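S.K.: Sequence below, structure please.
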Amino acid sequence: MQNVKTAISIQKSLFDQAEKIARRMKVSRSRLFALALEEYIHRAQNQELLEKINAAYATEPDPTEKNLRHKTRKTHRRIVRGEW
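M.R.: Purely as a prediction, here's the structure:
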């Protein structure tokens, strides 16, 4: 994988905390920042997926789907009761 060098500006307190964590993890600051960014991107993608799923289930089913659900429930009840 190709690496790209970049420069960022962050608050000194955040830098100091990152420095401590990197030392504790025995990784470079660059690696720590890359791991943090990967995690942030992963969470953002998961959030976007969750929003899409919620949007898909938020809409009321159309009449055809309602009718199909009703028939399916009715058939399922008969199967469970042994009437099938």
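S.K.: which residue ranges form the helices in the protein?
M.R.: Applying DSSP state H to the chain gives helices spanning 12-25, 29-58, 63-81.
S.K.: other SSEs contacting the first one?
M.R.: Translated: helix 12-25. helix 29-58 (3 or more C-beta pairs under 8 Å, 6 or more residues apart in numbering; DSSP states H and E). Where you see a C-beta, it was placed from the backbone N, CA and C, and this is true even at glycine.
S.K.: any low-confidence regions in the chain?
M.R.: Along the chain, segments meeting pLDDT under 70 span 84.
S.K.: returning to that earlier point: closest to Asn3 out of the helices of the chain?
M.R.: helix 29-58 (8.8 Å; C-beta to C-beta).
S.K.: distance between that closest one and the chain's centre?
M.R.: From the chain centre to the centre of helix 29-58 is a distance of 5 Å (C-alpha atoms, centre = their mean, to the nearest Å).
S.K.: buried stuff in it?
M.R.: 32-33 (16 or more other C-beta atoms under 10 Å).
S.K.: what angle sits between that helix and helix 12-25?
M.R.: Angle, helix 29-58 to helix 12-25, by axes from the mean of the first three to the mean of the last three C-alpha atoms, to 10 degrees: 100 degrees.
S.K.: Against which helices or strands is helix 29-58 packed?
M.R.: Judged by 3+ C-beta pairs under 8 Å, 6+ apart, helix 29-58 is in contact with helix 12-25.
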